[in-house]
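Trainee: For reference, the sequence and a predicted model appear below.
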Amino acid sequence: MFDPHAVRALFPALAQEVAGRPAVFFDGPGGTQVPRSVIEAIAGYLAHSNANTHGAFATSRRTDETIAAAHQAMADLLGCAPEETVFGPNMTTLTFALSRAIGRDLGPGDEIVVTRLDHDANVAPWRALEERGVGIREVDVDVEDCTLDMADLAAKVNERTRLVAVGYASNSVGTINDAARAVELARGVGALSFVDAVHYAPHGPIDVRALGCDFLACSVYKFFGPHIGVLYGKAEHLERLRPYKVRPASDAGPDRWMTGTQNHEGLAGVTAAVDYLASLGGGAAGGRRAALVAAMTAIKAYERTLSEQLISGLLRVPGLTFYGIREPERFAWRTPTVSLRLEGRAPRELAEALGERGVFAWDGNYYALSLSERLGVEPLGGMVRIGLAHYNTAEEVDYLLEVLGGLG
Ligand SMILES: Cc1ncc(COP(=O)(O)O)c(C=O)c1O
């Protein structure tokens with residue numbers, strides 16, 4: 001079984017204290033903490049390799065190698081070719097760049113399907129194409145358990161659909177969607193599929209080939225690395241589509257999608273973050289990809305035990321409203337991210353009370369705006385999100401439950 005205590009020692013930030021007791025980092029869905037190896041890789045790049053690309057000297061060559069290594073690392077994490085990975089400042093910026101490129105060929109009569117469960121970064125870039133006359137269809141959620149209404153999705157995909165944009169997992173309530181089914185529905189009508197894996201990435205293995213999606217995006221700062229976004233695109237699409245770019249920049253491979261100078265120190269951190277995850281793979285034979293699959297599978301199993309403890313405990317707290325999947329037998333369809341409200345306390349007030357007691361948790365809508373509106377909590381300040389990662393422990397969950405019990 002996965003041992004969180006062994007990994008915690010690798011994360012300097014986790015040693016912080018609030019009011020004399022260890023801080024509890026339940027803010028992971030907004031960005032996780034990073035292991036020392038990632039911090040050292042970033043600092044190491046700046047100390048030894050800092051330069052721009054494609055120069056005829058040592059530091060520039062090392063920079064080219066740093067970038068190539070990051071492409072290979074992300075290819076191993078996602079199960080694709082290095083040329084199919086694109087880097088950028090964050091997922092939102094990459095998705096806007098992609099939607100503009102795809103939108104060049106779209107107009108009135110074309111439709112894009114988005115969902116009410118998604119973070120707005122997988123909605124607004126597609127909605128931006130409304131100015132070209134593109135129709136946007138929004139798939140509903142079942143408010144009882146915050147799952148995507150798959151029948152509604154199937155009904156909204158038709159011969160006019162050009163792209164289906166779906167989340168792999170909800171950053172608000174933790175629901176894991178049947179993304180493979182969404183991809184299949186898109187393919188059935190000849191539409192593209194775009195999967196937002198930002199929230200899912202730290203919680204389980206990803207295999208873009210098995211998923212069959214055309215595009216998938218994630219953010220490295222959500223899986224123990226620096227603030228960098230990554231876009232996977234099938235090679236044929238990255239070659240065919242026309243990104244907005246400057247003329248002197250390379251028109252080959254993923255470079256044509258990577259506008260301007262990249263965050264090279266961050267890319268050194270990307271490789272280190274992927275290597276950190278691979279190191280949890282228990283020395284699986286078959287190289288880094290196999291180690292990553294083993295590691296993410298072990299993380300998923302461990303986090304499921306935390307979810308069971310957390311959710312069964314939350315459901316016993318008086319005055320607490322819980323949003324999302326709550327039955328342990330369905331936990332394969334959720335991450336250890338939950339949203340809740342406590343009677344008599346506005347979400348910000350509750351988050352402040354938790355923060356004073358050393359529990360770091362987000363409040364509001366966390367940019368999953370349509371869901372917050374659909375649940376009717378947007379005018380009420382949204383919800384409070386408890387987001388666990390593999391470095392969290394059963395003791396921390398017990399502490400949260402004790403604190404919430406005292407506040408309720
Ligand atoms: C599910 C999901 N999608 C997209 C994003 C946006 O990612 P980025 O901050 O890299 O633009 C986030 C960030 O919270 C997210 O949780």
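Mentor: Sure thing, it's come through.
Trainee: Return the residues in contact with the closest residue to the ligand within the stretch 301-408 of the chain.
Mentor: Minimum separation of the stretch 301-408 of the chain from the ligand (C-beta to the nearest ligand atom) falls at Y367, amounting to 5.9 Å. To be clear about C-beta, it is placed using only N, CA and C from the backbone, and glycine gets the same treatment. By C-beta atoms under 8 Å, 6 or more residues apart in numbering, Y367 lies in contact with 119-121, 171.
Trainee: Which two among those residues are spaced furthest apart?
Mentor: Within the contacts of Y367, D120 and N171 form the most distant pair, 10.4 Å apart (C-beta to C-beta).
Trainee: higher neighbour count, those two?
Mentor: Neighbours were counted for D120 and for N171 using other C-beta atoms under 10 Å; N171 has more, 28 against 17.
Trainee: shouldn't that one be in contact with S339?
Mentor: No. Using C-beta atoms under 8 Å, N171 is not in contact with S339, being 9.8 Å away.
Trainee: what is in contact with those two at once?
Mentor: Between them, N171 and S339 share no contacting residue, judged by C-beta under 8 Å, 6+ apart.
Trainee: Out of the contacts of Y367, which sit inside strands?
Mentor: Among those, the subset assigned to strands under DSSP state E is empty.
Trainee: Which stretches in the stretch 51-200 of the chain count as helices?
Mentor: Along the stretch 51-200 of the chain, counting by DSSP state H, counting those that start in this stretch, helices occupy 58-78, 91-103, 124-127, 150-156, 179-188.
Trainee: Select, out of those helices, the one closest to A389.
Mentor: helix 58-78 (16.2 Å).
Trainee: residues from the protein in reach of the ligand?
Mentor: 29, 90-92, 119, 121-122, 167, 171, 196, 198-199, 219, 229, 367 (C-beta under 6 Å from any ligand atom).
Trainee: Report the contact partners of S172.
Mentor: With C-beta under 8 Å, 6+ apart, S172 has these contacts: 117, 119, 146, 323, 337, 339, 365-366, 368, 371-372, 383, 385.
Trainee: the domain parsing of this structure - what is it?
Mentor: The chain breaks down into these domains under automatic domain parsing: 4-35+288-407, 40-277.
Trainee: Output these in JSON lines, with mean pLDDT appended to each entry.
Mentor: Output for the domains of the chain, formatted as JSON lines (pLDDT from 0 to 100):
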{"stretch": "domain 4-35+288-407", "mean pLDDT": "97"}
{"stretch": "domain 40-277", "mean pLDDT": "98"}
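Trainee: now for the host helix or strand of L310, which elements pack on it?
Mentor: L310 is located in helix 287-314, with elements delineated by DSSP states H and E. For helix 287-314, the elements it packs on are helix 58-78, helix 264-279, strand 320-323, strand 337-342, helix 394-407, judged by 3 or more C-beta pairs under 8 Å, 6 or more residues apart in numbering; DSSP states H and E.
Trainee: so what's the residue in the stretch 201-350 of the chain that the ligand sits nearest to up against?
Mentor: Scanning the stretch 201-350 of the chain for the residue nearest the ligand gives S219, at 3.4 Å (criterion: C-beta to the nearest ligand atom). Listed by C-beta under 8 Å, 6+ apart, the contact partners of S219 are 90-91, 198, 201, 227-230.
Trainee: Show me the residues you listed that map onto strands.
Mentor: Going by DSSP E, the strands hold 229-230 from the contacts of S219.
Trainee: Looking at the contacts of S219, which is nearest A9?
Mentor: So of the contacts of S219, ranked by how close each gets to A9 (C-beta to C-beta), first place is A201, at 23.1 Å.
Trainee: I'd say that closest one and F224 touch.
Mentor: No. Contact criterion C-beta under 8 Å: A201 and F224 do not qualify, at 9.8 Å.
Trainee: Between the two, tell me which one has more neighbours.
Mentor: F224 (28 against 25).
Trainee: rewinding a little: need the helices of the stretch 51-200 of the chain in TSV with mean neighbour count, can you?
Mentor: Compiled in TSV, the helices of the stretch 51-200 of the chain are given as follows (neighbours: other C-beta atoms under 10 Å):
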stretch	mean neighbour count
helix 58-78	20
helix 91-103	21
helix 124-127	21
helix 150-156	16
helix 179-188	19
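Trainee: Could you export the ones you listed to JSON lines, including columns for distance to A298?
Mentor: Formatted as JSON lines, the helices of the stretch 51-200 of the chain follow (distance: least, C-beta to C-beta, whole Å):
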{"stretch": "helix 58-78", "distance to A298": "15"}
{"stretch": "helix 91-103", "distance to A298": "25"}
{"stretch": "helix 124-127", "distance to A298": "34"}
{"stretch": "helix 150-156", "distance to A298": "29"}
{"stretch": "helix 179-188", "distance to A298": "22"}
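Trainee: closest to A278 out of those helices?
Mentor: Going by C-beta to C-beta, the one of these nearest A278 is helix 58-78, 7.5 Å.
Trainee: Residues touching that closest one, excluding its own?
Mentor: Taking C-beta under 8 Å, 6+ apart as the rule, helix 58-78 contacts 45, 48-55, 81-85, 87, 201, 206-208, 216, 218, 230, 232, 254, 262, 264, 267-268, 270-271, 273-275, 277-278, 287-289, 292.
Trainee: For the residue nearest the centre of the chain, what are phi and psi?
Mentor: Nearest residue to the geometric centre of the chain (C-alpha atoms, centre = their mean): V198, 1.4 Å. Main-chain dihedrals, V198, degrees, to the nearest 10: phi -60, psi -50.
Trainee: what about the strands in the stretch 101-250 of the chain?
Mentor: According to DSSP state E, counting those that start in this stretch, the stretch 101-250 of the chain carries its strands in the segments 111-115, 135-139, 141-142, 147-148, 161-167, 192-196, 215-219, 229-233.
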